[in-house]
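Asks: Pasting the sequence and the predicted coordinates here, then a few questions.
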Protein chains: 2
Amino acid sequence: MTRPAIDETHDPLRTSWSESANGHGCFPIQNLPLGIFSVAGDTPRGGIAIGDRIVDLKALAASQLLQGDAQRAAQAAAGPCLNALLEMGAQGRVALRKAVSGLLSNPDQRSEIEPLLITQSAAAMHLPAKIGDYTDFYVGIHHATNIGSLFRPDNPLLPNYKHIPIGYHGRASSIRPSGTAIRRPNGQRKAPDADAPLFGPTQKLDYELELGVWVGPGNALGQPIPIGEAGAHIAGLCLLNDWSARDFQAWEYQPLGPFLAKNFLTTISPWIITAEALAPFRIAQPARPDGDPRPLPYLWDDADQAHGALGLTLEVGLRSKVMADAGMDAHRIGRGPASNMYWTVAQMVAHHTCNGCNLQAGDLLGTGTISASTSDGLGSLMEITRNGSAPIELPTGEKRTFLEGGDELTLTATCEADGFVSIGFGECTGLIQNGGIAL
Amino acid sequence: MTRPAIDETHDPLRTSWSESANGHGCFPIQNLPLGIFSVAGDTPRGGIAIGDRIVDLKALAASQLLQGDAQRAAQAAAGPCLNALLEMGAQGRVALRKAVSGLLSNPDQRSEIEPLLITQSAAAMHLPAKIGDYTDFYVGIHHATNIGSLFRPDNPLLPNYKHIPIGYHGRASSIRPSGTAIRRPNGQRKAPDADAPLFGPTQKLDYELELGVWVGPGNALGQPIPIGEAGAHIAGLCLLNDWSARDFQAWEYQPLGPFLAKNFLTTISPWIITAEALAPFRIAQPARPDGDPRPLPYLWDDADQAHGALGLTLEVGLRSKVMADAGMDAHRIGRGPASNMYWTVAQMVAHHTCNGCNLQAGDLLGTGTISASTSDGLGSLMEITRNGSAPIELPTGEKRTFLEGGDELTLTATCEADGFVSIGFGECTGLIQNGGIAL
């Protein structure tokens, strides 16, 4: 996948007059992610995170401080969703990024720009775009192997896995921003030795640690995106938690795949970490193990192999109600690199569209759960506890096989590269409610 | 599912002064389906089919001839999609139906209304709504058994089938109205004895005969729709052709279900046949065979069993280019009743939402392929030709295992009931282009 240029906006010496940005773990001036926020009594609009504040893009567009593509991009981001900005592609994002980076770093602009900043703690975050279609892939090979061995002990990794970036369509309507509470869903489950299924709340509520990929400009129906051009269609990334009811999944998933086990809620982190912000952290896709097949030509691009992966560390924290009441921080239950993806984002895009399927600006792609090869880097409780057979213990002595009422689950991600300022994704968090939904 | 009332709009003696409606196979005055049309140079807007013409709802809304809910419904249908009208539910549809039926049947109104009618042949039809999410079910039990026996000879009908209305998420972006040409998609296929997959145009392009279900008012996330209330959320039906690449499907579908085999295009008939128009044709759901399990309580409703199915005959015609050039009509390759659905529409809705998943106005549900138990009523070529092993012969002597360039495939449906005027769905047609999409 094409790597965006490294320019002055990535300069590690650049700082902002908005002091909270400097040294900020997620949103230094080198990040500048895009989102939709609102403050009490006002309509949602686009914003750019800077430290613990947000640049109001509607106000910036009205300020007449920007010109050309940057002004057009800010105008496209002034409404309640970013689809129009995503549709502009890199040209709009880059112009806006350069202009905003300049305004936020130049002390002479402080008096004009500071009135346009909102404190994040006073704002509500919304979905950044109207999501037309949501597709979830399955490119975390360790996860695919681990889950496969639980569902199909004889046959964990199916024969197509190393030829196809396996994916399926998910539910767009139930995607929600970080912070949305999780109601325990009802559904059918059947014990292997039971005669008939039962209906009721899931007994195996799980999370899945994923990256989300925001689609920028789409393609027309019938016109595939060649792998070498995939980069032009990717706007940026977010974190994605594909909440899963494992008991429902095991009973329902054949032959057409997961459905009610997944579509009750999907949580994403609200900021689009742009392709430009991620440029310094691009790394080579890990070489395929000896003996693995070489992908078909439509899935192969040398440049994508050279820098189509990301130097990104993912982390999962779990905090029970007892821990929260005691003022304790979340307990880390997983940490690992995002490079455990068997397929790159460009390969996902090339495959998705090779039959002519059309992507649209604001579509969301999930990577599928990203687990590391080691036991401290697994991306779901189903893997960590081996389907509930090996509980984990929290610092309070509480045990968990799956998620319980009052548990809060948080995904985070950090990009690091020598010579560059680290950036983060913000949080993707969800609190499991004690009660389920109405029967 | 609640059956709408039979009222004066269903009176078999009612005729229209717009003469082409009387005796019209699809669109007599008892039907009055909803759609979105445009004429050259003008913006798409809502319309109601009457015989071979269309009532322009934008013009009707502007005419001040309607009052109250009927006027609000016409206004909601004046724009380029019917989502706002669908959101209104039965109240809006019924008021509009009664008012338009009255206007079209009363000769005294002819001079005022006739200027608002457009000739269908001069109009282009569009998708009737912006489709947020598209879900495809699998409720045709004969199809599930037939396909299952080809993909899994040892295990055709999986153990969950008679407990769960199996469904999966489809692709909303590639749904197109009747008449859209089909480009043969590229993808991966692998012969059982081959070492590796090949990439290229599908060798097994197939159709699937389905009904589409238009969602009216949605439900909030976390608030299931009880089966007894499902009827209030269904606006109407259409025909749906779930074009399928069988060779891609066999290779890709495990473990997450169909993806590229289906998402290159889905064709629907452009008119929403409303729940009200279908009321006279509601019949009892066929009793489950002895020994089949009784559905769990959330899937059972006596009223739904009493009249949750439809007296509807489905038909598939195939016309090759040779036939078209010779002026021949399509050759019927399948005909059967829609009652071969193991689950009702209300059961589909109750299941889809039982975990809290939210439906939205304008969502589309597919039933899955509806095949009869007899060989003359199968809903796909994969079944008719037993995966290509038993070609069919067209009247020209041409043979078909799967679809070829120049073939035109047309789905139709007719509702009949004693004492009522029959109605049809219009056509759901697609012409297979000779060339595929770019490699």
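Replies: Received it, and whenever you're ready, just let me know what you need.

Asks: which residues pair with residue A:409 across the strands?
Replies: Residue A:409 forms beta bridges with residue A:318, residue A:430, as assigned by DSSP bridges.

Asks: pretty sure it is touching residue A:430, no?
Replies: Yes - with contact defined as C-beta atoms under 8 Å, residue A:409 counts as touching residue A:430 (5.7 Å). Any C-beta I mention is one placed from the backbone N, CA and C, and that applies to glycine too.

Asks: Now the common contact residues for those two.
Replies: Taking C-beta atoms under 8 Å, 6 or more residues apart in numbering or on different chains as the contact rule, residue A:409 and residue A:430 both touch A:207, A:241.

Asks: ok, how many other residues are close to the closest residue to chain B within chain A?
Replies: For chain A, the residue closest to chain B is residue A:257, as judged by C-beta to the nearest C-beta, at 2.7 Å. Using other C-beta atoms under 10 Å in any protein chain shown, residue A:257 is surrounded by 27 other residues.

Asks: Give me the secondary structure label for it.
Replies: Here residue A:257 is recorded as coil under DSSP: H, G, I helix; E, B strand; the rest coil.

Asks: Repeat that for the one 5 residues further on.
Replies: Under the three-state scheme (three-state DSSP), residue A:262 adopts coil.

Asks: can you pull the contacts of it?
Replies: Shown in contact with residue A:262 (C-beta under 8 Å, 6+ apart): A:136, A:170-171, A:242-245, A:249.

Asks: how close does it get to residue B:147?
Replies: 23 Å (C-beta to C-beta, to the nearest Å).

Asks: Spell out the residue ranges of the strands in the stretch 151-300 of chain A.
Replies: For the stretch 151-300 of chain A, the strands defined by DSSP state E, counting those that start in this stretch occupy A:167-170, A:175-177, A:182-184, A:186-189, A:198-201, A:205-206, A:209-215, A:234-241, A:244-245, A:266-268, A:273-274, A:282-283.

Asks: Tabulate those strands (TSV), appending distance to chain B, mean neighbour count and mean pLDDT.
Replies: What follows is the strands of the stretch 151-300 of chain A, written out as TSV (distance: least, C-beta to the nearest C-beta, whole Å; neighbours: other C-beta atoms under 10 Å in any protein chain shown; pLDDT from 0 to 100):
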stretch	distance to chain B	mean neighbour count	mean pLDDT
strand A:167-170	4	26	98
strand A:175-177	7	20	98
strand A:182-184	5	23	96
strand A:186-189	5	24	98
strand A:198-201	5	16	97
strand A:205-206	11	26	98
strand A:209-215	10	27	98
strand A:234-241	15	27	98
strand A:244-245	7	26	98
strand A:266-268	11	27	98
strand A:273-274	23	28	98
strand A:282-283	27	19	97
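
Asks: possible to save those strands as TSV with distance to residue B:278?
Replies: Compiled in TSV, those are given as follows (distance: least, C-beta to C-beta, whole Å):
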stretch	distance to residue B:278
strand A:167-170	28
strand A:175-177	33
strand A:182-184	34
strand A:186-189	29
strand A:198-201	30
strand A:205-206	39
strand A:209-215	38
strand A:234-241	40
strand A:244-245	34
strand A:266-268	34
strand A:273-274	49
strand A:282-283	55
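
Asks: of all those, which lies closest to residue B:185?
Replies: Residue B:185 sits nearest to strand A:167-170 of all these, at 15.4 Å, using C-beta to C-beta.

Asks: Against which helices or strands is the closest one packed?
Replies: Here strand A:167-170 touches strand A:134-137, helix A:345-353, strand B:167-170, going by 3 or more C-beta pairs under 8 Å, 6 or more residues apart in numbering or on different chains; DSSP states H and E.

Asks: Buried deepest among these, which one?
Replies: helix A:345-353 (a mean of 27; mean count of other C-beta atoms under 10 Å in any protein chain shown).

Asks: List the contacts of that one.
Replies: A:1, A:135, A:137, A:139, A:164-165, A:167, A:213, A:219, A:223-227, A:230-231, A:233-234, A:295, A:298-299, A:301, A:304, A:308, A:343, A:359, A:365, A:367, B:260.

Asks: Looking at the strands of the stretch 151-300 of chain A, spot the one closest to residue B:175.
Replies: strand A:167-170 (12.2 Å).
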